[in-house]
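1. predicted model follows, preceded by the sequence.
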Amino acid sequence: MRGKALTVNLNFNLAAGRFLRRINRFKVLVEIDGEEFYAHLPNSGRLATVLHHGIEAYLKKVEDKFSGKNPYRLFAVRRVGVPVIVDAQFSNIIAKMAIEHGLIDSLADYKVDGENFRVGEHVGSRLDLMLKRGMEKFYIEVKSVTHAVNGVALFPDAPTLRGRKHVQKLTALVRCGFKSGIIFSIQRPDAIIMKPNVEVDRHFTELLREAVAEGVKIFTLNSTFQPPRSIKIEPNRPAFTF
């Protein structure tokens, strides 16, 4: 239902700084108060429309003994005035909150009964959420979307073998009589529509189209980071289309 929204405050503080450069897949260099630090990047995507030298960065301090030379975790950035949550793992938290607060109408009666659980015996057969309503189960995979071009959010931003396997698993579950779906969690506010990125991964797009034809449901959530520490979550936005 359009018009529903939830604003939540983060339960952790963020330090403001600047993004300098990406070191490798999961490591970046940032500047905070004139001092350079390495930070963990919890996102394996290319982030071509997100990361750029000198943009604002918002980082979570890592307090555990395993942080080593990466004392921060990059949570979000702001590029050309657009805030983008780059922490891909946070999309699962957003999806769970949206379900628990009844933001997604067709999932409003379900409760989260399992997270990051194995489906079947095959390696890699894990899904993000299992919902229950009485004895009925609804299997959900959550995909974090940060890539957008000219108002179009696109997933994936790099070929995704893992994503293809998830779509195949969700389709197989529907064929076995279960309900399943994908929540595309769009982590930036400037997208008007959401599409699968056929130019980057045609196979994923074809599998997703087949999955929808079989009965796999597609849901969208939009998350807007509002510095210093609040998130606005809106369902059914942007609209999904092929």
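-> In hand now; what should we look at?

2. please make it C-alpha for all contacts and neighbour counts, starting now.
-> Will do.

3. which strands and helices lie in contact with the helix or strand that residue 184 is a member of?
-> Here residue 184, judged by DSSP states H and E, is contained in strand 179-186. Using 3 or more Cα pairs under 8 Å, 6 or more residues apart in numbering; DSSP states H and E as the contact test, the elements touching strand 179-186 are helix 90-100, strand 136-145, helix 161-175, strand 217-226.

4. pairing partners for the next helix-or-strand element following that strand, with directions?
-> Using DSSP H and E, the helix or strand that follows strand 179-186 in sequence is strand 193-196. Strand 193-196 has its sheet partners listed here by DSSP bridges as strand 152-155 (parallel), strand 239-240 (parallel).

5. adding mean pLDDT, write these out as a markdown table.
-> Shown next, in a markdown table, are the strands paired with strand 193-196 (pLDDT from 0 to 100):
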| stretch | mean pLDDT |
| --- | --- |
| strand 152-155 | 98 |
| strand 239-240 | 98 |
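
6. format those as TSV; extra columns: distance to residue 209.
-> Shown next, in TSV, are these (distance: least, Cα to Cα, whole Å):
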stretch	distance to residue 209
strand 152-155	13
strand 239-240	12
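
7. of those, which is nearest residue 88?
-> Ranking these by proximity to residue 88 (Cα to Cα) places strand 152-155 first, at 12.6 Å.

8. listing partners with orientation, what would you give for the strand holding residue 184?
-> Strand 179-186 pairs in its sheet with strand 136-145 (parallel), strand 217-226 (parallel), by DSSP bridges.

9. nearest to residue 16, of those strands?
-> strand 217-226 (12.8 Å).

10. which SSE is immediately downstream of that closest one?
-> Once strand 217-226 ends, the next helix or strand along the chain (criterion: DSSP H and E) is strand 230-235.
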